[in-house]
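mind looking at a prediction? Sequence and model below.
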Amino acid sequence: MAQFSPTDLAAHLKDGLLSFPATTFDANLEIDENRYRDHLAWQSSFDVAGLFAAGGTGEGFSLTPVEAARVVELAVAESRPEVPVLASAAGSTVQAVRNVNDAEAVGAEGALVLPPYLTECDQEGLYQHVAAICEATTIGIIVYNRANAIYSAETVARLADNHPNFIGFKDAIGDIEHLTKVVAKNGDRLFYLGGLPTAETFALPLLQLGMSTYSSAMFNFVPEFALDFYRDVRNFDHAAVTEKLNRFVLPYGSIRDRAKGYGVSIVKAGLKAIGRDAGPVRTPLQDLRPQDLADLEALIREADILPSR
């Protein structure tokens, strides 16, 4: 049973840092439940506003519906009650509806709607896809604006008007004109979160547009640094943000950009670097090459951002 209503969930999430926990795998690429429990307990022990299980960083795209439901269930069980867990709704409309039904059944507070798999989408199709998901559940629903799922301001408003449990808009495109239209038309009916990789790079300018939070992948392995960065952003501390960008975020992004798919792989490499190995990534992703891992390990040491616990 969800502890947050959709409205309460939106109010809670909009003023804190968000993250997507990595899903731990063993050497055979099966879910390592014990390590996943440990990871979630550790992640939720920090002052994070919400955790999105089986999401992009959690390799949700490689999980079967049964695996995704189990990952969300474990996340709910291991996270502190004060830290809401959200799931992902992925693939076809039928699969996405199953994802949210499974998520609600195990106690998740909400779900992020990922772009429908492969096919191109027009606005009416996107509306009907998200409407079906909203109607299938009572938990809060957030759309992810990226890839083949680019929601117009009008489509977002239509969803907000017709579905009270539609609560949020996450963006991974960074089109300022488009974002301005969405925020101007929908105002505080929704909350807005950044989802560009790496989100920290864009956090300060997007805050001025009304995107009060973002999803931090690096929170997985340097949670204290990620929280400090978010605090600096919310305080509009340009000097502190710039210092942290130069010390870690921008060099980290340079390593991430060495290969496609490294946005997820580098998070697991970061966990390995701090002694909390989450196992390999599943194909079609690839683990960091040895030199890239060594460079990341050196960067973490030189930036002096190893977690204190």
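On my side now, so go ahead.

what's the neighbour count on Thr64?
Thr64: 8 surrounding residues under other CB atoms under 10 Å. All C-beta atoms are positioned from the backbone trio N, CA, C, and that covers glycine.

need the contact list for Gly91.
By CB atoms under 8 Å, 6 or more residues apart in numbering, the contact set of Gly91 is 99, 114, 116-117.

closest one to Ile274 out of those, please.
Leu114 (28.0 Å; CB to CB).

what residues are up against the closest residue to the closest one other than its chain neighbours?
Among residues not flanking Leu114 along the chain, Ala90 sits closest, at 4.4 Å (CB to CB, 6 or more residues apart in numbering). Ala90 makes contact with 60-61, 68, 96, 99, 114, 117, according to CB under 8 Å, 6+ apart.

now do Val233
200, 203-204, 207, 241.

okay, among these, which ones form the most distant pair?
Comparing all pairs in those by CB to CB, the longest separation belongs to Glu200 and Leu207, at 11.6 Å.

of the two, who's got more company?
Glu200 (28 against 17).

quick check: which element contains that one?
Element membership for Glu200, per DSSP states H and E: helix 199-207.

how about the helices in the stretch 101-250 of the chain?
Secondary structure of the stretch 101-250 of the chain (DSSP state H, counting those that start in this stretch): helices at 123-135, 153-162, 176-186, 199-207, 223-234, 238-244, 250-256.

what's the third one packed up against?
I take that to be helix 176-186. Counting contacts by 3 or more CB pairs under 8 Å, 6 or more residues apart in numbering; DSSP states H and E, helix 176-186 packs against helix 153-162, strand 166-171, strand 191-194.

ok so, going back, who wins for most neighbours among the contacts of Gly91?
Asn99 (30 neighbours).

helix, strand, or coil at that one?
On the three-state scheme (DSSP: H, G, I helix; E, B strand; the rest coil), Asn99 is labelled helix.

would you confirm that it contacts Ala87?
Yes - here Asn99 reaches Ala87: they are 6.2 Å apart, a contact under CB atoms under 8 Å.

what touches both of those two?
Contact criterion CB under 8 Å, 6+ apart; residues shared by Asn99 and Ala87: 68, 111.

wait, doesn't Val281 sit right on Gly58?
No - contact criterion CB under 8 Å: Val281 and Gly58 do not qualify, at 10.9 Å.

before we move on, the earlier item: mind putting the contacts of Val233 in TSV, distance to Leu296 included?
Output for the contacts of Val233, formatted as TSV (distance: CB to CB, whole Å):
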residue	distance to Leu296
Glu200	16
Ala203	21
Leu204	24
Leu207	27
Val241	21
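
format those as TSV; extra columns: distance to Ser79 and pLDDT.
Converted to TSV, those look like this (distance: CB to CB, whole Å; pLDDT from 0 to 100):
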residue	distance to Ser79	pLDDT
Glu200	23	97
Ala203	24	97
Leu204	28	95
Leu207	26	95
Val241	28	98
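
quick check, nearest of those residues to Leu293?
Glu200 (20.9 Å).

how far away is the closest one from Thr180?
Using CB to CB, to the nearest Å, Glu200 is found at 22 Å from Thr180.

also Lys244?
Using CB to CB, Lys244 is found at 27 Å from Thr180.

about what we covered before: ok, the contacts of Gly91 vs Phe221, which is closest?
For those, the nearest to Phe221 is Leu114 (23.0 Å; CB to CB).

thinking again about what came up before, kindly calculate the angle that the helix holding Glu200 makes with strand 166-171.
Taking axes from the mean of the first three to the mean of the last three CA atoms, to 10 degrees, helix 199-207 and strand 166-171 form an angle of 110 degrees between their directions.

which elements pack onto helix 199-207?
strand 191-194, strand 213-214, helix 223-234, helix 238-244.

which one is Phe225 nearest to, not counting chain neighbours?
The shortest distance from Phe225 to any non-neighbouring residue, by CB to CB, 6+ apart, is to Ile305 (4.2 Å).

and the helices of the stretch 101-250 of the chain as a markdown table, adding distance to Phe52?
Output for those, formatted as a markdown table (distance: least, CB to CB, whole Å):
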| stretch | distance to Phe52 |
| --- | --- |
| helix 123-135 | 15 |
| helix 153-162 | 19 |
| helix 176-186 | 20 |
| helix 199-207 | 13 |
| helix 223-234 | 14 |
| helix 238-244 | 23 |
| helix 250-256 | 19 |
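
let me know which of those helices is the nearest to Asn28.
Of all these, helix 250-256 comes closest under CB to CB, at 26.6 Å.

could you give the mean pLDDT of the helix or strand just after that closest one?
Where DSSP H and E defines the elements, the next helix or strand beyond helix 250-256 is helix 262-273. The predicted model assigns helix 262-273 a mean pLDDT of 98.

ok, stretch 84-91 next?
Averaged across stretch 84-91, the pLDDT comes to 97.
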